[in-house]
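Asker: Only the shape, not the letters, is given here:
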């Protein structure tokens, strides 16, 4: 069986190959689908790789792979994650799950974790609910300010 780390490496390589034009969108989509199916099936059998049960690297790989799942699978996994105490999953990752699900359902995000490129190619946030209190909510979830977060994408 492939490990989370191997799946994560495969996932990141697939993303990089697509971004750099080595593969087309159809190939990217098919590889992503296979990786997601393999990861989701593993989760169904073995449960989510919480931070107190796997290495830190595997935990972060599990988070990343989860956030690349189709919405219906992401929502199923989140049911387990939502109930998990802070010693099993960091609050900041819960924020990513919540935002990803809300965006997928067509609602504004709460924590400003989901970004897109605008028509000029500049990174911006997907719609945010109550933008005036965004940094307060981000702070409560252990996230940096939105300005600091967005600086990561200016490189």
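Answerer: Everything's here; your move. Here the structure is a predicted model, which is why all the values come from computation and not from measurement.
Asker: From here on, just use CA atoms for contacts and neighbour counts.
Answerer: OK.
Asker: neighbours of residue 7, just the number please.
Answerer: Residues lying near residue 7 (other CA atoms under 10 Å) number 19.
Asker: Is it correct that it falls within a helix?
Answerer: Yes - the assignment for residue 7 is a helix, going by DSSP: H, G, I helix; E, B strand; the rest coil.
Asker: can you pull the contacts of it?
Answerer: 35, 39, 65 (CA atoms under 8 Å, 6 or more residues apart in numbering).
Asker: and if you look at residue 11?
Answerer: 32, 35, 65.
Asker: you'd agree the first one is up against residue 13?
Answerer: To tie it back to what came earlier, the one meant is residue 32. No - applying CA atoms under 8 Å, one finds residue 32 not in contact with residue 13, separated by 10.4 Å.
Asker: the strands in the chain, which residues?
Answerer: 115-117, 123-125 (DSSP state E).
Asker: So which other helices or strands are in contact with the last one?
Answerer: By that I understand strand 123-125. For strand 123-125, the elements it packs on are strand 115-117, judged by 3 or more CA pairs under 8 Å, 6 or more residues apart in numbering; DSSP states H and E.
Asker: Adjacent strands (with direction) for the strand it packs on?
Answerer: Strand 115-117 has the following sheet partners, assigned by DSSP bridges: strand 123-125 (antiparallel).
Asker: buried sites along the partner strand?
Answerer: Judged by neighbour count using 16 or more other CA atoms under 10 Å, the buried positions of strand 123-125 are residue 125.
Asker: what does it contact?
Answerer: 112-118, 150, 153-154.
Asker: Please parse the chain into its domains.
Answerer: 1-89, 90-155 (automatic domain parsing).
Asker: Lovely, talk soon.
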